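Engineer: using only what follows, build the 3D model:
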Amino acid sequence: MGLKDSLGKPVRILLAADRRKAGKPMLHIAICDDEKDFVRYMIDLLNRYGQETGRDIKITPYYDGMELIGKYDTSIDLIFLDIQMRLVNALRAAGRIRQMDENVGIIFLTTLTQYGLEGYKYQAAKQSIVERLRAAD
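Structural biologist: As a prediction, this is how the structure comes out:
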């Protein structure tokens, strides 16, 4: 049983072997959120971005901070990380990720304003996602 988008269609996760555009490095993005519907939504958005820009994007979903830490891949360029998760929250996960990888971009996802400033302690992305994706070109 694979992931499906909001319309029930199978989600396409690009692998390195799927590279179509020579000369452009693949962008590897992780999404870590315990809400599977939101993960599907983000995958849809990122796949649409890839189609519109011709950018190859590998998307790796994680459903908890513990899973992200345990299976972390240093080829990841950018992480969308939900602040509130059940087992290991994003702030603890970000602290551990920073120990393994100082260069990965981290974008915290939250509706809770009290976590906004605390995210900078973990060097959360200070630029917009559009700037970060353009820089990868």
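Engineer: now for the helix or strand where residue 79 lies, which elements pack on it?
Structural biologist: Here residue 79 sits within strand 78-82, counting by DSSP states H and E. The contact analysis (3 or more CB pairs under 8 Å, 6 or more residues apart in numbering; DSSP states H and E) places strand 78-82 against strand 27-32, helix 65-70, helix 90-100, strand 105-109. To be clear about C-beta, it is placed using only N, CA and C from the backbone, and glycine gets the same treatment.
Engineer: can you check what angle separates that strand from helix 90-100?
Structural biologist: On the basis of axes from the mean of the first three to the mean of the last three CA atoms, to 10 degrees, strand 78-82 is oriented at 150 degrees to helix 90-100.
Engineer: touching strand 78-82 from outside, list them.
Structural biologist: Surrounding strand 78-82, the residues in contact under the criterion CB atoms under 8 Å, 6 or more residues apart in numbering are 27-35, 38, 42, 65, 68, 90, 93-94, 97, 104-110, 125, 129, 132.
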